[in-house]
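K.L.:
fold the following and give me the result.
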Amino acid sequence: MLPLFLILLVTALGSILISWRVSHEIPRLLGVGSSIVCLIFGFAMAPWPVQVLMLLLILSLERFYPFSRTASEAILISKVSNTKRER
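P.N.:
The predicted model follows:
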């Protein structure tokens, strides 16, 4: 018999995949909501070695995040031009 945390995690992944294919908003929100609940309960019920593996997977995927910036880089909030405005 499969452990309950595996069933919940597979259900969450299936719910995410189905919600991506749905074109209406309400079923999409319900799919995302149910996947969040399943992920939380599945992660809470998983044994600690599985939780450590999930944490390592998430940390290894962080390098693929396109918007990460180092602390030394300046973030430009708005561009101010030195030209005069035309009235």
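
K.L.:
longest single helix anywhere in the chain?
P.N.:
helix 25-45 (DSSP state H).

K.L.:
mean confidence for it?
P.N.:
Helix 25-45 comes out with an average pLDDT of 90.

K.L.:
now that helix: buried residues?
P.N.:
31, 34-35, 38-39, 41-43, 45 (16 or more other CB atoms under 10 Å). C-betas here are computed from N, CA, C, even on glycine.

K.L.:
same check, this time on stretch 46-62
P.N.:
Neighbour-count burial for stretch 46-62, counted by 16+ other CB under 10 Å, picks out 46, 50.

K.L.:
same question for stretch 7-18.
P.N.:
8-9, 11-12, 15-16.

K.L.:
turn the buried residues of helix 25-45 into a markdown table, columns for distance to residue 65.
P.N.:
Below are the buried residues of helix 25-45 laid out as a markdown table (distance: CB to CB, whole Å):
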| residue | distance to residue 65 |
| --- | --- |
| 31 | 24 |
| 34 | 25 |
| 35 | 20 |
| 38 | 24 |
| 39 | 19 |
| 41 | 26 |
| 42 | 23 |
| 43 | 20 |
| 45 | 28 |
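
K.L.:
which two from these end up farthest apart in space?
P.N.:
Farthest apart among the buried residues of helix 25-45 by CB to CB are 31 and 45. That separation is 21.0 Å.

K.L.:
picking up where we left off before, hmm, which of the buried residues of stretch 7-18 is lowest in pLDDT?
P.N.:
Ranked by pLDDT, the buried residues of stretch 7-18 bottom out at residue 9, which has 86.

K.L.:
ranges for the helices of this structure?
P.N.:
Per DSSP H, the chain carries helices over the ranges 4-21, 25-45, 48-61.

K.L.:
and the closest residue to residue 41 other than its chain neighbours, what does it touch?
P.N.:
Nearest residue to residue 41 in three dimensions, chain neighbours excluded: residue 8, at 5.5 Å (CB to CB, 6 or more residues apart in numbering). Residue 8 is in contact with 38-39, 41-42, 45, counting by CB atoms under 8 Å, 6 or more residues apart in numbering.

K.L.:
can you do 6 Å?
P.N.:
By CB atoms under 6 Å, 6 or more residues apart in numbering, residue 8 lies in contact with 38, 41-42.
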